[in-house]
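In: structure, please.
(chains A and B)
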Amino acid sequence: MDHVIAERVQRVIKEWCAEQGWTDAPVCLVERPAEETHGDYATPFCMQASKIARQSPRALAEQLSARLLADPDVARVVETVKVAGPGFINFTLSSTAYAEAMRMMLAEGDDIGRGEHHPHPRVNVEFVSVNPNGPLHVGHGRYAAYGDALQRLMKFSGVNLATEFYINDYGRQMDRFGRSIAARYAQSFGVDLPVPPEGYLGDYVVDIATEARAEVGDRYLEALRLAAAERRVAVGGAPSVSVQAPDMAVGDGVYDEETPDDQTEWSDDPAVKEAVAFFRAWGCRSMLDAIRTELEEYGVEFDVWFSETTLHEGGRLERVIDRLLDSGEAYRRDDAVWLRTTSRGDDKDRVLIRANGHPTYFAADIAYHENKLERGFDHLINIWGADHHGYVPRMEAAVEILSGRPGALEVIIGQLVNLLEEGELRQMSTRRGEMVTLGELVEAIGVDAARFFLVSRSQDQTLDLDIDLARRQSQENPVYYVQYAHARIAGIVRNVPEDFEAAVPDDPAVFASPYERALIKRLDGFAGMVQDAAERRAPHRIVGYAQELAADFHVFYKHCRVIGVDPAEASSRLALCLVARRVIARCLELLGVNAPESM
RNA sequence: GCGCCUGUAGCUCAGCUGGAUAGAGCAACGGACUUCUAAUCCGUGGGCCGCAGGUUCGAAUCCUGCCAGGCGCGCCA
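Out: Here you go, the predicted model:
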């Protein structure tokens, strides 16, 4: 309907401009006015063209509206043409336009709104990508809901796309996690081996240690006794570090390098190292299983799970760094290897290999993104939390160097979730184990409400989530409003007599009410909304659209009966219901929310 | 200090590649169920769109400055 009317109006106006001899006339926009009394469509063309025409916008509009009405193609779908306001031309649609639009939408079936599939470019969307050393928290839930809705939306709009989870299973944080589990394991045997000061103190660490003990018994007990003994010597008899959490948030400025615990480790004894390696691997597998299961229950699945460790083990890092050195994009200075990211807009060059010989996280990320490009992806989308936005310029520069073209990497920064409980801001820390997990949120309000709510706001907006409200809201959450519309339609369809057929008869009396027309117009806007939301990476628009659609349906439902009216009206309304049901179901599917048949 | 994000109704937020009288949900108040599900519908009240300039026929939207909040700025991950 949008295109049908826009094209016809634009053609007439273009012809008219040509007759006037204007070569640089402005583009004629045809849009839906915000105010319903202004008609179904409107164009501000005359205001824009009045300068060239050397006439007032209104005078121009009078001439053009007469011309438009005289055109048979326009007259078919347009009921009235009016000049209004400062010089708008407003149109209202004819009943023929509604009937034609409905026939087209009905014929599209389940594919209504689906974009044409484009095999190129191949797009990779990476999101969530956490260290597997703790449960997912609410912020991850937001990025998961956003990323998954975005990938579903982009696929539906026609993009060739695969999703990916990067497992940060390498490095110091994982070592600390391994030693935290080892300490809990040792403690379960009564050994005084405290959790490291930079370790993880959540109860789930104890659970993992318990599982490990059930599996391996006391196999690592002696090694950890040794670690406890050596450690006591190393700290010179000072009281061992309390098992209680230090009052310290993540990222409070304490440099990791200066943490003595990391420098001394527990012991150089091979048996101790082996024990720590075991608990690190055990914990990683255990957490990863838990995360995968939790995401599945949350309705989020990935095409590829990519382990950072495989980059280090396969010699990939060395290869890519050699390549960068050969090409001159990287260089050596002060015993370190640097990447010349300043050549691509970064503030300063970045270290790839530290003076101590260890690669940085950045180096691993470069190897990883090179791998994505080698796997044939043309466009890489990464969804990161706001706390990583300082990392964006160097990564964009790196991918530009790797791919040879700017813009191959698109980083979408998601803002954080502030949790409010009893009106108080709740600080979160993975290591202290003090946080609201995604699991707790889902338990409180359910998957449907959690996903619907967490994706309902623009991702670049910080989101205040009041836990108490979320708990209470379970009955009045907007998600139920949309689901209820779906269930109501399902009810109608169930109750329709067998011989009923959905169809749009050629009868001017069909779709005469404003309630039916509003619903048809809304449904007609679905395809445009999909394309727009996909291009803008804005799945929250689906939420707004779905609520508006549901509202239009509930009004229709109140005023227009389907069963028990005359046959032409009944079959046309049934057609309207079927299309509405498909579109609501599609919106909910794109959001990862259930579309219930009854409630 | 520099960079990114954000300031819109009592609350949570849409609208931001410029269009007419700025919207929704929640909260408040008043109505509507003999008929396909009342988790619904109808109505009422509620706004210097952070502030000040600029561009434009037209600015919540674009530009500049200021104010306020969040995040970031390491040879950490």
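In: and the residue of the stretch 151-300 of chain A found nearest RNA strand B, how many neighbours does it have?
Out: Ranked by Cβ to the nearest atom of the strand, the top residue of the stretch 151-300 of chain A for proximity to RNA strand B is A:Gly171, at 2.9 Å. Any C-beta I mention is one placed from the backbone N, CA and C, and that applies to glycine too. A:Gly171: 17 surrounding residues under other Cβ atoms under 10 Å.
In: verify the contact between it and A:Tyr361 for me.
Out: Yes - under the criterion of Cβ atoms under 8 Å, A:Gly171 makes contact with A:Tyr361 at 6.9 Å.
In: enumerate every residue touching A:Ser157.
Out: With contact taken as Cβ atoms under 8 Å, 6 or more residues apart in numbering, A:Ser157 is in contact with A:114-115, A:530-531, A:534-535.
In: which of the helices and strands in chain A ranks last by mean pLDDT?
Out: helix A:260-264 (a mean of 49; mean pLDDT, DSSP states H and E).
In: quick check: next helix or strand after that helix?
Out: Next helix or strand after helix A:260-264 toward the C-terminus (DSSP states H and E): helix A:270-297.
In: which strands and helices sit next to that next one?
Out: Judged by 3 or more Cβ pairs under 8 Å, 6 or more residues apart in numbering; DSSP states H and E, helix A:270-297 is in contact with helix A:172-188, helix A:203-216, helix A:221-234, helix A:438-454.
In: list the buried ones in that helix?
Out: Neighbour-count burial for helix A:270-297 flags A:272, A:275-276, A:278-280, A:282-284, A:286-288, A:290-292, A:294-295 (criterion: 16 or more other Cβ atoms under 10 Å).
In: stretch A:533-548 now?
Out: Buried-residue list, stretch A:533-548, by 16+ other Cβ under 10 Å: A:533-534, A:537-543, A:545-547.
In: and those residues, which two are furthest apart?
Out: By the measure Cβ to Cβ, A:Arg537 and A:Gln547 form the most distant pair in the buried residues of stretch A:533-548, at 20.1 Å.
In: for the stretch 1-150 of chain A, what spans make up the helices?
Out: Taking DSSP state H, counting those that start in this stretch as the test, the helices found in the stretch 1-150 of chain A are A:2-20, A:45-53, A:57-70, A:72-77, A:95-108, A:138-156.
In: give the other helices and strands that the fourth one contacts.
Out: Counting contacts by 3+ Cβ pairs under 8 Å, 6+ apart, helix A:72-77 is packed against helix A:2-20, helix A:95-108.
In: in the stretch 451-599 of chain A, which spans are helices?
Out: Going by DSSP H, counting those that start in this stretch, the stretch 451-599 of chain A shows helices at A:467-472, A:478-495, A:514-524, A:526-535, A:540-559, A:567-591.
In: check the stretch 251-400 of chain A too.
Out: With DSSP H, counting those that start in this stretch as the criterion, the stretch 251-400 of chain A has helices at A:260-264, A:270-297, A:308-313, A:316-327, A:361-374, A:392-403.
In: tabulate those helices (CSV), appending distance to RNA strand B.
Out: Listed next are the helices of the stretch 251-400 of chain A as CSV, based on distance: least, Cβ to the nearest atom of the strand, whole Å:
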stretch, distance to RNA strand B
helix A:260-264, 9
helix A:270-297, 12
helix A:308-313, 8
helix A:316-327, 12
helix A:361-374, 3
helix A:392-403, 8
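In: comparing those helices by mean pLDDT, which bottoms out?
Out: Ranked by mean pLDDT, the helices of the stretch 251-400 of chain A bottom out at helix A:260-264, with a mean of 49.
In: quick check: closest non-adjacent residue to the residue of the stretch 401-550 of chain A found nearest RNA strand B.
Out: Nearest residue of the stretch 401-550 of chain A to RNA strand B: A:Gly491, at 2.7 Å (Cβ to the nearest atom of the strand). Nearest residue to A:Gly491 in three dimensions, chain neighbours excluded: A:Ser598, at 6.8 Å (Cβ to Cβ, 6 or more residues apart in numbering).
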